[in-house]
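*Asks:* below is the sequence, then the predicted model.
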Amino acid sequence: MSGDQISVLAILALVVGLFLWGRWRHDLVAVSALLACVVTGLVDPSQAFQGFGHPAVITVACMLIMSRALQTSGAVEVLARRALPEKAGPVLSLAALMGVGALLSGFMNNVGAMALLMPVGIKLAQRLKLPPGQVLMPLAFGTILGGMTTLIGTPPNLIVAGFRAGLEGGPGPFAMFDFAWIGVPVAVLGVLGIALVGWRLVPKRQPAGMEGFDTAAYLTEARLLEDGASVGKTLGEIEAVLEQSGAQVVGLVRHEMRITAPSLQRVMRAGDVLVIEAAADSLSSVLSSLGLKLEESVRPPAREEADKDEPADAAEAAEGVARPGDDDREEHRGEGEAEGEAEGERSSDRPRGDAGEIALMEVVVLPGSALAGRSASEIGLRTRHGLNLLAVSRQGSRSVERLRAMSLRAGDILLLQGPTAAIAEFASESGCVPLAARDLQIPNRRKAIQASLVMALAVGMAALGLVPAAVAFMGGVLATLVLRTLPLRMAYESIDWPVIVLLGALFPLADAMQSTGAADLLARALMDWVARGDPVIALTTVLLVTMFLSDLMNNAATAAVMCPVAIGSAATLGVNADPFLMAVAIGASCAFLTPIGHQNNTMILGPGGLRFGDYWRLGVPLEALVVAVSLPLLLIVWPL
């Protein structure tokens, strides 16, 4: 074993270990590996960043932009509305929902397809009187299966096609629908199996949703007494005491004007009324020490929308809803009284969006969201967005204590209070999905048609081989922007940059594995110890190893690591490399055993009330089905 082989294998082992550890983001690990290869001389510095120009990387970025155009134009909503039955039973309804998800995932980002269909799945679960997890897990698995069917369905397919294109004297990259020979039968049988039997294997758990968040929590108004201890203190100081009893301030009334999300730096005055969210029996120990007097108990948060027949002013007075411009009037009128209060505080207290429509809404934090790893105070939920975070649900457990300091994770459900428009804007900007089902309508019929035609034209050009896939989809992006189907700003926001960095950084590592002979070394060891020279056993081993790694680390990283091993295995045995590369593509898409294997699995963790160990109950039979169906087809369609 040469020094270069030892170096690249050591880097590879460290990379896989960090991926499995999960404490560092995948893109950071990949960039660290790339720099390590440059430092050790495995990759020439002038060639270090050529991976970012790889056709697979360009195609992934273009697909993400065109997928966003399909989402925002309403084209997906049209398909969902027409394809989903309204009165069918569980089997037919689940089959239709998964079928739509699988079809969409073949031609757009499967995370986007899942985000669009998840509210539909929750509404379906309510209609069928099923736990949400028994609908959401089949939907997540259906969208993952759909990605196997086309070249652009999932990044692993593009990576595999790129490695095939790099084979000396090879036939070039896989075509658009080469993956369909194996992917379509696997997806169809997988969807049917889940719809007929599999959904019953999902544990029946109820998530901590609106009902679970309530837990006897009420909105209570408490007035600051004239000589009370809280007079002259900041709101932040008062909240620090309230948090000890699991309570928090969600509003302030001053001069009969309601401020939905007051600044923590606001100085309290005698006569101010604090709107406090807490359990009824948790306030007695702190109210007296703060110099607060209960005014009256208000309805629980879940009933804030009940009295829609009341006159507007009465409803606002009862529910504490700010009228547009109220805060502005308070600020102008109270300039003399507000001496000493910061200018920045005034602007942060003003209501955002439609302040006349205060609502409660659940949103789920998506994988890759800007909220992951940050707390409500760090993102300025109250000061920047004018929203209150009332509760967080994580894997079925609830928390209403010290929420501002709680680090959020992908899959968390956040219960937000504030203007409806402000919540919607915050969810869009931060990478969250509202869980409330919405009417399926076409926001813009013309743009929906344009987005669909552009996608169909790009797919057709790539499928017919008129131009390479990267060129076809870059042309589609240009047409999308010229037609203004998607705003230019949103185009850049649509790209999942961590995935792009991951792919661009890993391609040079994979090339180093091949150029140093480390991939052939691993392949020979695999063939000697496991396959013992039998190509069918070797093919099965590559498939199973890829499936195992994909359950534990990013599927694109899994494909990039396993492709050189698959090519080396075929070369060692002297057989066709195509079935081995296809086995990598299939295995990298089969992440059904854990919530961390695929973003769609992570997304349903909170809304489905699921736990880490719930996935394997359906995942193991499904992966067994995939192996049983794909292996014979691999040997038939792509003979050794």
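*Replies:* Received the coordinates, thanks.
*Asks:* okay, CA-based contacts and neighbour counts for the rest of this
*Replies:* OK.
*Asks:* next, count neighbours for residue 23.
*Replies:* Here the neighbour count serves as a burial measure; for residue 23 (other C-alpha atoms under 10 Å) it reads 9.
*Asks:* gap between it and residue 225?
*Replies:* Between residue 23 and residue 225 the computed distance is 49 Å (C-alpha to C-alpha, to the nearest Å).
*Asks:* now swap in residue 415 and tell me
*Replies:* When residue 415 is compared with residue 225 (using C-alpha to C-alpha), they lie 31 Å apart.
*Asks:* the stretch 1-150 of the chain: helices as residue ranges?
*Replies:* Shown for the stretch 1-150 of the chain, the helices assigned by DSSP state H, counting those that start in this stretch span residues 3-21, 26-39, 55-73, 75-83, 90-105, 110-128, 133-146.
*Asks:* same question for the stretch 451-600 of the chain.
*Replies:* Under the criterion DSSP H, counting those that start in this stretch, helices of the stretch 451-600 of the chain are mapped to 469-482, 488-494, 497-515, 518-526, 535-550, 555-573, 578-589, 599-603.
*Asks:* any idea how far the first one is from the middle of the chain?
*Replies:* Taking C-alpha atoms, centre = their mean, to the nearest Å, one finds the center of helix 469-482 at 25 Å from the center of the full chain.
*Asks:* list the buried ones in it?
*Replies:* Buried residues in helix 469-482, counting neighbours by 16 or more other C-alpha atoms under 10 Å, are found at 469-477, 479-481.
*Asks:* can I get those in JSON lines with pLDDT and distance to residue 118?
*Replies:* Putting those into JSON lines (pLDDT from 0 to 100; distance: C-alpha to C-alpha, whole Å) gives the following:
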{"residue": "469", "pLDDT": "91", "distance to residue 118": "30"}
{"residue": "470", "pLDDT": "92", "distance to residue 118": "30"}
{"residue": "471", "pLDDT": "95", "distance to residue 118": "32"}
{"residue": "472", "pLDDT": "94", "distance to residue 118": "30"}
{"residue": "473", "pLDDT": "94", "distance to residue 118": "27"}
{"residue": "474", "pLDDT": "96", "distance to residue 118": "29"}
{"residue": "475", "pLDDT": "96", "distance to residue 118": "31"}
{"residue": "476", "pLDDT": "95", "distance to residue 118": "27"}
{"residue": "477", "pLDDT": "95", "distance to residue 118": "26"}
{"residue": "479", "pLDDT": "95", "distance to residue 118": "29"}
{"residue": "480", "pLDDT": "94", "distance to residue 118": "26"}
{"residue": "481", "pLDDT": "93", "distance to residue 118": "28"}
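*Asks:* could you identify the most distant pair in those residues?
*Replies:* Of all pairs drawn from the buried residues of helix 469-482, the greatest distance, 18.4 Å, lies between 469 and 481 (C-alpha to C-alpha).
*Asks:* helices and strands of the protein: which one has the lowest mean pLDDT?
*Replies:* helix 312-319 (a mean of 34; mean pLDDT, DSSP states H and E).
*Asks:* now do stretch 260-267, average pLDDT.
*Replies:* Looking at stretch 260-267 alone, the average pLDDT works out to 82.
*Asks:* end-to-end on it?
*Replies:* Between the opening and closing residues of stretch 260-267 there is a gap of 16 Å (C-alpha to C-alpha).
*Asks:* if you count neighbours, what's buried in that stretch?
*Replies:* Applying a neighbour-count criterion of 16+ other C-alpha under 10 Å, the buried positions in stretch 260-267 are 260-264, 266-267.
*Asks:* okay, and which of those residues map to helices?
*Replies:* Mapping the buried residues of stretch 260-267 onto helices (DSSP state H) picks out no residues; all lie outside.
*Asks:* ok, now how distant is the closest residue in space to residue 103 that isn't next to it in sequence from residue 435?
*Replies:* Closest residue in space to residue 103, ignoring its immediate chain neighbours: residue 146 at 6.0 Å, by C-alpha to C-alpha, 6 or more residues apart in numbering. In this structure, residue 146 and residue 435 are separated by 23 Å, where distance is defined by C-alpha to C-alpha.
*Asks:* ditto for residue 557
*Replies:* Residue 557 is 30 Å from residue 435, where distance means C-alpha to C-alpha.
*Asks:* repeat that for residue 538.
*Replies:* With the distance defined as C-alpha to C-alpha, residue 538 ends up 44 Å from residue 435.
*Asks:* the more surrounded of these two?
*Replies:* Under the criterion of other C-alpha under 10 Å, the comparison of residue 538 against residue 435 puts residue 538 first, with 23 against 20.
*Asks:* what does the model give the more buried one for pLDDT?
*Replies:* We have a pLDDT of 92 for residue 538.
*Asks:* who's in contact with the closest residue to it other than its chain neighbours?
*Replies:* Once its chain neighbours are removed from consideration, residue 538 has its nearest residue in residue 531; the separation is 4.8 Å (C-alpha to C-alpha, 6+ apart). Contact criterion C-alpha atoms under 8 Å, 6 or more residues apart in numbering gives 537-538, 541 as the residues in contact with residue 531.
*Asks:* since that was my last question, I'll sign off now.
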